[in-house]
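Asks: let me see the structure of the following:
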Amino acid sequence: MSVRKNPPDLGPDLLARYLGEYVQSRQMSDMERAWGFGDDGLDSVWTRLTAAHSTDPKRLNDIIESQLSEPDRTRVIESLAPLIFALPLRTYPAELRAHKDADHLTFVLSHDGELDAIGYLPSALTEAFVNFLRRIFTFTPKQKRKESIISSLGRRREVSISLLPNTVGATIKFLSRLPSHGEEP
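Replies: Residues are numbered from 1 along each chain as shown. So this is what the prediction gives:
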């Protein structure tokens with residue numbers, strides 16, 4: 001199975017899903033709004049991306065690359081990345097590969113002996129994604145691999161992050177599940 005070449009094998013368009021949820025959340029009060037949808041500072045970015053996606057989804061990558069500033073692309077990734085780290089895993093180790101091709105940053109999970117297409121983002125967000133990992137996990141300029149403990153949606157995990165050469169993606173290995181705070185080991 002080639003998960004990078006055939007669009008149906010890519011999994012869902014993660015940005016489109018987020019934009020759909022964003023549009024619905026804007027109709028709610030701040031108290032009702034789900035996590036990640038309360039940043040009013042991104043309203044103009046989400047509105048532009050929603051309009052672009054509804055009129056010409058194929059141009060979305062070009063719009064992100066040419067019309068969004070680097071700080072806006074970073075803020076988009078900062079909103080989406082925690083969802084990627086919150087994957088529900090039953091067995092360890094598991095490996096999430098994020099790889100850039102011409103049009104997409106694809107996310108493929110190797111888990112329980114199977115490859116599953118998790119989804120994709122526009123490839124114009126690849127550099128922002130890799131820089132996000134570099135900043136959050138405090139990579140040194142020459143460092144390409146780092147181990148850390150993450151916590152996302154109550155799930156604590158030991159991970160190993162490897163940055164691919166030429167900023168084309170990353171590999172995130174979920175090494176083990178750790179007890180959450182207050183949970184018996």
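Asks: confirm that Leu89 sits in a helix.
Replies: No. Secondary structure of Leu89 (DSSP: H, G, I helix; E, B strand; the rest coil): coil, not part of a helix.
Asks: average model confidence for stretch 66-78?
Replies: For stretch 66-78, the mean per-residue pLDDT is 89.
Asks: buried set for it?
Replies: 68, 72-78 (16 or more other CB atoms under 10 Å). The way it works is simple: take the backbone N, C-alpha and C, and place the C-beta from them, glycine included.
Asks: show me those that map onto helices.
Replies: Those of the buried residues of stretch 66-78 mapping onto helices are 72-78, per DSSP state H.
Asks: and the residues you listed, which is closest to Pro93?
Replies: Ile77 (24.6 Å; CB to CB).
Asks: surely that closest one meets Phe132?
Replies: Yes. Applying CB atoms under 8 Å, one finds Ile77 in contact with Phe132, separated by 4.8 Å.
Asks: from Val108, how far out is the most centrally placed residue in the chain?
Replies: What sits nearest the mean C-alpha location of the chain, by CA atoms, centre = their mean, is Ala81, with 3.7 Å. With distances taken as CB to CB, to the nearest Å, Ala81 is found 16 Å from Val108.
Asks: where do the helices sit along the protein?
Replies: 14-25, 43-55, 60-67, 70-85, 126-136.
Asks: winner for burial among these?
Replies: helix 126-136 (a mean of 19; mean count of other CB atoms under 10 Å).
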